[in-house]
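Engineer: All I have is the shape, not the residue letters:
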């Protein structure tokens, strides 16, 4: 519940006037660390292993600037994408959140590849890389494409959801309607006066 309310608060902040986040219409990403594209099928595999990848990158020592920037971008981009909590964010290419999910999952994948380059003899990293590769091959992930499968990203560009498209995507609309109902219910509970028990007769 706390996570859902946090998502609602962030969502309201993102759609408020003055929120400066791009929902890319096309063209190359701006300069920064380039992040390779990720196919629709590969997204699902990376999403399943995202927590494990970020745990490994967080424990890496000594610090590496490229790895730090990739993981920071992945975390920031995930927050802008409401942590993938909106239904069908990863699975539905028509979701208003699908492009931003491509961005944070592509950054997560590139962070793992950077970690592999930094620690070529690390058995834990190699095991995870091989496990992900095996799943992608078994599921034909590289062949499962969508409209954003060729999109490349950059750490210099944060991609926001397509808020204009939310009313036309019923899973997203239903999720925000539920969050609004929860917020209203929580507000009513907070405003409800606390009844005091009657004092015992003397």
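Structural biologist: Cool, the structure landed. Given the structure is predicted, the values throughout are model-derived calculations rather than measurements.
Engineer: any weak-confidence spans in this structure?
Structural biologist: Within the chain, the segments meeting pLDDT under 70 span 1-30, 185-186, 192-202.
Engineer: roughly how far apart are the residue most central in space within it and residue 189?
Structural biologist: Centroid-nearest residue in the chain: residue 78, 2.9 Å away (criterion: CA atoms, centre = their mean). Here residue 78 is placed at a distance of 30 Å from residue 189 (CB to CB, to the nearest Å). Where C-beta positions appear, they are placed from N, C-alpha and C, glycine not excepted.
Engineer: what sits against residue 91?
Structural biologist: For residue 91, the contacting residues are residue 44, by CB atoms under 8 Å, 6 or more residues apart in numbering.
Engineer: again, 10 Å this time
Structural biologist: 40, 43-44, 47, 98, 101, 146, 171 (CB atoms under 10 Å, 6 or more residues apart in numbering).
Engineer: Helices of this protein, residue ranges please.
Structural biologist: 2-15, 40-58, 65-80, 98-118, 123-139, 170-191 (DSSP state H).
Engineer: Just name the most buried of those.
Structural biologist: Comparing these by mean neighbour count (mean count of other CB atoms under 10 Å), helix 98-118 ranks first with a mean of 24.
Engineer: tell me the angle that helix makes with helix 40-58.
Structural biologist: Angle of helix 98-118 versus helix 40-58, following axes from the mean of the first three to the mean of the last three CA atoms, to 10 degrees, is 50 degrees.
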